[in-house]
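Enquirer: I'll drop the sequence and a predicted model, then ask my questions.
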Amino acid sequence: MTSTAATAPAADARVLGLAHYAARGVLEHVLAGHGITFQQQVALRAAVNADAPQTEDRLAAQVQGAVKADPAEVRATLDALLAKELLVADGAHLRPTDAGRELLAAVGAATAPVTARIWGGIPAEDLAAAGRVLALVTERADAELAALAA
């Protein structure tokens, strides 16, 4: 594995963005092969990983908080998942269908070897440091976004 650690720039917004878009590009390539978008995958994953079925409003809020998308766009995403029968309305709640769960499992299986190649060999202490920095950046950016929206 070729390493650029010795010549890597210090982490900043640009480096973070480049890493995000590189990794997202890989995921979006896999998702396209399964007929769903990045945002649809985020919403479906939130529904699958929820401890209990979510109301549409709660699921939409989770997706909006995760991807910082326009509320109307998030609603369209949920509508698309319902139309594809990956989510189903169950009274006031939305829940994933078996097809939705199977699709996420297939995406996970397809991305696992790529993920292993991307993340493999990075020392645990580097991952821990990066995790701490990224959590702090996320916290601060969320606070700035909230202030802008106020």
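Expert: Nice, thanks for sending it over.
Enquirer: could you find the closest non-adjacent residue to L81?
Expert: Nearest residue to L81 in three dimensions, chain neighbours excluded: L87, at 4.3 Å (Cβ to Cβ, 6 or more residues apart in numbering). (Glycine included, C-beta is placed from N, CA and C.)
Enquirer: show me what the one you found is bridged to.
Expert: P96 (DSSP bridges).
Enquirer: now do the buried residues in stretch 110-125.
Expert: Neighbour-count burial for stretch 110-125 flags A110, T111 (criterion: 16 or more other Cβ atoms under 10 Å).
Enquirer: distance between that stretch and the chain's centre?
Expert: Centre-to-centre, stretch 110-125 and its host chain are 17 Å apart (Cα atoms, centre = their mean, to the nearest Å).
Enquirer: restrict that stretch to CA atoms and write it as PDB.
Expert: The C-alpha coordinates for stretch 110-125 follow below in PDB (Å, rounded to 0.1, in the frame of the first residue of the first chain):
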ATOM      1  CA  ALA A 110     -20.600  -5.000  -2.300                       C
ATOM      2  CA  THR A 111     -18.800  -2.200  -0.300                       C
ATOM      3  CA  ALA A 112     -17.100  -4.400   2.200                       C
ATOM      4  CA  PRO A 113     -14.000  -5.300   0.100                       C
ATOM      5  CA  VAL A 114     -13.600  -1.700  -1.100                       C
ATOM      6  CA  THR A 115     -14.000  -0.400   2.500                       C
ATOM      7  CA  ALA A 116     -11.300  -2.900   3.600                       C
ATOM      8  CA  ARG A 117      -8.900  -1.700   1.000                       C
ATOM      9  CA  ILE A 118      -9.600   2.000   1.800                       C
ATOM     10  CA  TRP A 119      -9.400   1.700   5.600                       C
ATOM     11  CA  GLY A 120      -7.100  -1.300   5.900                       C
ATOM     12  CA  GLY A 121      -3.700  -0.700   7.400                       C
ATOM     13  CA  ILE A 122      -4.400   2.600   9.000                       C
ATOM     14  CA  PRO A 123      -3.100   2.400  12.600                       C
ATOM     15  CA  ALA A 124      -5.800   2.400  15.300                       C
ATOM     16  CA  GLU A 125      -4.300   5.400  17.000                       C
END
